[in-house]
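Asker: return a 3D structure for these sequence lines:
(3 chains)
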Amino acid sequence: MTTVRTPAGWPATEEEARAVQDGLRTKVVLGEPGPPPGAGHVTGVDVAYDDERDVVAAAAVVLDAATLDVVAESTAVGRISFPYVPGLLAFREIPTVLAALEALPRTPGLVVCDGYGLAHPRRFGLASHLGVLTGLPTIGVAKNPFTFTYDEPAAPRGSTSPLLAGTEEVGRALRTRDAVKPVFVSVGHRVSLDNACAHTLALAPAYRLPETTRRADALCRRALREAAPALTAD
DNA sequence: GCGACAG
DNA sequence: ATCTTGTCGC
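Answerer: Numbering: from 1, shown residues only, chains lettered A, B, ... in the order given. Purely as a prediction, here's the structure:
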């Protein structure tokens, strides 16, 4: 497990953070279909917090997209780099997530984030931000509709409905299990929305959430448990 | 001005 | 995100 510090020059205020988003948003690539679902490697990233001790732990788990077997994994821990502010989640997660990705012994392939990409107040959520910084294809799979609206998708697994910001489709509500609350998929970097949904469905054969985020979630929680006591002494 | 709001 | 036990159902 690697340890990270908040990068020099990291935004300290909400105003600075929004300015960074506005400066990077033009670098997002939306015209590529991205890697085909069911082949190659897919990586899930997630983060867990201990606000009391000011500790954050991130995990990256690489899966074989065909079998969903774990191929590689890594973790990173550090200090919390930004408070939670809706619309600025990336500034809280990215330093540690980047460290975990860099610690992987192999190429991540498509990266699946826990949160949003294009579906964001300034169209630059966590998945978009991570994609621009790494150049990797990324998508966001969120558990809640955030500030967006949607009509309930039909009951069968695989059904979708548009996720809307007014009349603009910023993502899709995707049913991954029959009659169970959908997940909310949006494009990050270098992946089409159709492809993002296909990947998400392929990654969620048994549970509502994709295996990538389930694995990453379990791993970062474990890393937090094991790292928190050590960093407390510091 | 007030409430809502990814994780 | 996180605090938290049992419990209903396949």
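Asker: same for the longest helix seen in chain A, what does it pack against?
Answerer: Assignment by DSSP state H gives helix A:211-232 as the longest helix of chain A. If contacts are counted by 3 or more C-beta pairs under 8 Å, 6 or more residues apart in numbering; DSSP states H and E, helix A:211-232 sits against strand A:41-50, strand A:55-64, strand A:70-79, strand A:110-114. Every residue, glycine included, has its C-beta placed from N, CA and C.
Asker: from the contact counts, what lies against the shortest one?
Answerer: To tie it back to what came earlier, the one meant is strand A:110-114. strand A:41-50, helix A:126-134, strand A:138-142, helix A:193-203, helix A:211-232.
Asker: now the angle from the second one to strand A:110-114?
Answerer: This points to helix A:126-134. 140 degrees (axes from the mean of the first three to the mean of the last three C-alpha atoms, to 10 degrees).
Asker: hang on, the earlier thing: please identify the deepest-packed of the helices and strands packed on strand A:110-114.
Answerer: strand A:138-142 (a mean of 29; mean count of other C-beta atoms under 10 Å).
Asker: tell me the mean pLDDT over that strand?
Answerer: Mean pLDDT, strand A:138-142: 98.
Asker: do stretch A:60-68 and DNA strand B come into contact?
Answerer: No: counting by C-beta under 7 Å from any atom of the strand, DNA strand B has no neighbours in stretch A:60-68; the shortest distance is 14.1 Å.
Asker: CA atoms of the helix or strand of chain A with the lowest mean pLDDT as CSV?
Answerer: Sorting the helices and strands of chain A by mean pLDDT, DSSP states H and E puts helix A:211-232 at the bottom, at a mean of 86. Extracted in CSV, the C-alpha atoms of helix A:211-232 (Å, rounded to 0.1, in the frame of the first residue of the first chain):
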residue,chain,number,x,y,z
GLU,A,211,-18.4,-6.1,-9.5
THR,A,212,-15.8,-3.5,-10.1
THR,A,213,-17.2,-1.1,-7.5
ARG,A,214,-18.2,-4.0,-5.1
ARG,A,215,-14.6,-5.2,-5.1
ALA,A,216,-13.1,-1.8,-4.8
ASP,A,217,-15.4,-0.9,-2.0
ALA,A,218,-14.6,-3.9,0.0
LEU,A,219,-10.9,-3.4,-0.5
CYS,A,220,-10.7,0.3,0.4
ARG,A,221,-12.7,-0.3,3.6
ARG,A,222,-10.2,-3.0,4.6
ALA,A,223,-7.3,-0.7,3.7
LEU,A,224,-8.9,2.0,5.9
ARG,A,225,-9.3,-0.3,8.8
GLU,A,226,-5.7,-1.4,8.6
ALA,A,227,-4.2,2.0,7.8
ALA,A,228,-6.1,4.3,10.2
PRO,A,229,-4.3,3.3,13.4
ALA,A,230,-0.9,3.7,11.8
LEU,A,231,-1.5,7.2,10.4
THR,A,232,-3.0,8.3,13.7
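Asker: residue A:70 and residue A:210, how far apart?
Answerer: 14 Å (C-beta to C-beta, to the nearest Å).
Asker: on that earlier part again, of the helices and strands packed on strand A:110-114, which approaches residue A:93 most closely?
Answerer: strand A:41-50 (4.7 Å; C-beta to C-beta).
Asker: enumerate every residue touching the residue of chain A found nearest DNA strand C.
Answerer: Closest contact between chain A and DNA strand C, by C-beta to the nearest atom of the strand, is at residue A:48 (3.4 Å). Applying C-beta atoms under 8 Å, 6 or more residues apart in numbering to residue A:48 gives the contacts A:56-57, A:217, A:220-221, A:223-224.
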